[in-house]
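A.B. asks: Everything below, folded, please.
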Amino acid sequence: MTGEFAGTRVAITGAGRGVGRGVAEAFAAAGARVMLGARTLSFAEDAVAAIRAAGGIAEAVASDISRHEDCRALIDATVAAFGGVDVVIHCAADIPHGGLGAVSDERLEAGLASIAKAAWWLLDAARPHLAQAAMGGRFIAIGSVNGTASVVPNMTAYGMAKAALLAFVRGAAVDVVGDGITVNAIQPGLIASDHAREVLGDAGLAAYGSSVPVGRAGTPADIAHACLFFASPRSDYITGASLVMDGGSTLAPARGGRGDILQDRLKTREGH
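C.D. replies: The predicted structure is shown next:
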């Protein structure tokens with residue numbers, strides 16, 4: 001426990017696994033009180049147990065953030081448990097795999113709702129509480145380089161939703177700056193999360209990582225480090241910004257066919 005965020009109240013979406021869990025563990029280790037929202041409550045409960053075993057403070061709530069009412073409920077649960085909200089970190093995403101013509105209306109809507117609409121609903125619900133944060137409120141969204149800085153084959157719907165999320169971050173930053181709230185985004189490349197392993201497999205993930213200029217895929221801990229910075233007083237002068245964290249993938253050509261690796265795996269997953 002470092003104590004840097006002692007007493008800070010943090011609500012995190014998608015916190016049962018992957019990036020969200022990594023972020024929750026990092027904030028708890030820094031002394032924050034964390035509310036873990038997850039669609040599958042058992043995943044969040046496992047994460048809470050691990051955080052408490054390490055000496056941290058955490059609670060969990062079932063939260064399907066593609067639903068407006070669940071976004072409000074996550075903020076309400078955080079206020080009820082901790083007396084307020086200082087930081088909201090939106091990590092969750094119902095990822096629609098597929099390009100034009102290969103994604104149903106239902107899957108398209110689920111992606112847009114869980115990624116872009118949820119950011120709107122979460123910040124709207126949390127705004128009065130974030131405005132009362134002693135060190136200034138913080139809203140941090142986990143975006144993607146896909147759809148913004150690059151294009152991943154067979155992921156058009158996902159990229160579209162993540163691009164909408166970044167548009168929200170820029171606009172909302174202006175909407176709430178007068179309340180002392182900053183709004184920023186992190187744009188990861190491929191992260192070695194549970195979902196990435198399900199899609200690519202260990203061999204595919206390793207192959208992709210070897211094609212990245214820095215020589216590996218990102219980790220949830222990498223993203224957590226950036227979230228800790230954006231939540232800290234050191235980021236007071238930053239709002240409406242997005243930080244690309246992709247190991248240089250969007251700056252250099254793929255070594256070994258990065259796009260081909262993803263495309264082949266996604267086609268296999270979808271049965272194309």
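A.B. asks: is residue 33 in a bridge, and if so with what?
C.D. replies: Legend: beta-bridge partners of residue 33 under DSSP bridges are residue 9, residue 57.
A.B. asks: Look up how far residue 233 lies from the residue nearest in space to the middle of the chain.
C.D. replies: Taking C-alpha atoms, centre = their mean as the criterion, residue 91 is the residue nearest the geometric centre of the chain, at 2.1 Å. Computed as C-beta to C-beta, to the nearest Å, the residue 91 to residue 233 distance reads 22 Å. Bear in mind the C-beta positions are built from the backbone N, C-alpha and C, glycine included.
A.B. asks: The longest strand belonging to the chain - contacts with which helices or strands?
C.D. replies: Looking only at the chain and at elements set by DSSP state E, the strand with the highest residue count is strand 181-188. Secondary-structure packing of strand 181-188 (3 or more C-beta pairs under 8 Å, 6 or more residues apart in numbering; DSSP states H and E): helix 118-130, strand 137-142, helix 156-176, helix 220-231, strand 242-245.
A.B. asks: looking at the ones you listed, which is buried most?
C.D. replies: strand 137-142 (a mean of 27; mean count of other C-beta atoms under 10 Å).
A.B. asks: Identify the neighbouring strands of that strand in the sheet and state each direction.
C.D. replies: In its sheet, and by DSSP bridges, strand 137-142 pairs with strand 87-90 (parallel), strand 181-188 (parallel).
A.B. asks: Report the spatially closest residue to residue 83, excluding sequence-adjacent ones.
C.D. replies: For residue 83, ignoring the flanking residues on the chain, the nearest one in space by C-beta to C-beta, 6 or more residues apart in numbering is residue 9 at 7.1 Å.
A.B. asks: typo on my end, residue 240
C.D. replies: residue 173 (3.3 Å).
A.B. asks: repeat for residue 121
C.D. replies: Closest residue to residue 121 apart from its sequence neighbours, by C-beta to C-beta, 6+ apart: residue 71 at 3.8 Å.
A.B. asks: same thing with residue 209?
C.D. replies: residue 217 (4.0 Å).
A.B. asks: Same question for residue 22.
C.D. replies: residue 220 is the one closest to residue 22 (C-beta to C-beta, 6+ apart), at 2.6 Å.
A.B. asks: From residue 59, how far off is that neighbour?
C.D. replies: 20 Å.
A.B. asks: low pLDDT regions in the protein?
C.D. replies: Residue ranges of the chain with pLDDT under 70: 1-2, 253-272.
A.B. asks: rewinding a little: look at the residue nearest to residue 83 and say how many residues are nearby.
C.D. replies: 23 (other C-beta atoms under 10 Å).
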